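Engineer: The amino acid sequence is not available; the structure is as follows:
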């Protein structure tokens, strides 16, 4: 029996996103330095670690990237985040979260160029696929 090694680029990965809303109804976005979609604004998030739940990943990644402690409200959507030009394939559940503590900072400056609050009617045009899908899934009354 022979074993075959599958190149990492050809294996789908799981990454959790977090659409964080402030009490004022603004959304926290991060400007990505790294692929996939470097140079685009995204929601906080990252890969699921071995034996880590989706929810635990969401809370951890929000804190690691933005300095904010969050409480998850609900699952917003699941995105097939396919970026063939960059050889990235992610399955990306995205959660809605509210801020419960911490201070908004760029906590990962090597991976993130900026972390910023945006009004929902003044979002940047260059959003990642996962950010666009999560924002589309946000119900109007949840942003208030």
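Structural biologist: That came through, no problem. Quantities reported herein were computed from a predicted structural model and do not represent experimental measurements.
Engineer: What lies in contact with the helix ranked longest in the chain?
Structural biologist: If you go by DSSP state H, the chain has its longest helix at helix 54-66. Around helix 54-66, the neighbours that count as contacts under C-beta atoms under 8 Å, 6 or more residues apart in numbering are 14, 16-18, 20, 28, 30, 44-49, 52, 68-70, 72, 93, 95, 97, 102, 104-108, 111-112, 115. Backbone N, C-alpha and C define where each C-beta goes, glycine included.
Engineer: Quick check: bridge partners of residue 27?
Structural biologist: Listed beta-bridge partners, residue 27: residue 21, residue 118 (assigned using DSSP bridges).
Engineer: Relative to residue 43, how far out is it?
Structural biologist: Remark: distance between residue 27 and residue 43 (C-beta to C-beta, to the nearest Å) = 8 Å.
Engineer: Strands of the chain, start to end?
Structural biologist: For the chain, the strands defined by DSSP state E occupy 13-21, 27-32, 41-42, 44-47, 68-83, 88-102, 112-118.
Engineer: Now render those strands as TSV, adding mean pLDDT.
Structural biologist: Formatted as TSV, the strands of the chain follow (pLDDT from 0 to 100):
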stretch	mean pLDDT
strand 13-21	96
strand 27-32	98
strand 41-42	98
strand 44-47	96
strand 68-83	94
strand 88-102	95
strand 112-118	97
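Engineer: how about JSON lines for the ones you listed, with distance to residue 127 and mean neighbour count added?
Structural biologist: Shown next, in JSON lines, are those (distance: least, C-beta to C-beta, whole Å; neighbours: other C-beta atoms under 10 Å):
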{"stretch": "strand 13-21", "distance to residue 127": "11", "mean neighbour count": "23"}
{"stretch": "strand 27-32", "distance to residue 127": "8", "mean neighbour count": "22"}
{"stretch": "strand 41-42", "distance to residue 127": "5", "mean neighbour count": "22"}
{"stretch": "strand 44-47", "distance to residue 127": "13", "mean neighbour count": "22"}
{"stretch": "strand 68-83", "distance to residue 127": "12", "mean neighbour count": "17"}
{"stretch": "strand 88-102", "distance to residue 127": "12", "mean neighbour count": "18"}
{"stretch": "strand 112-118", "distance to residue 127": "10", "mean neighbour count": "16"}
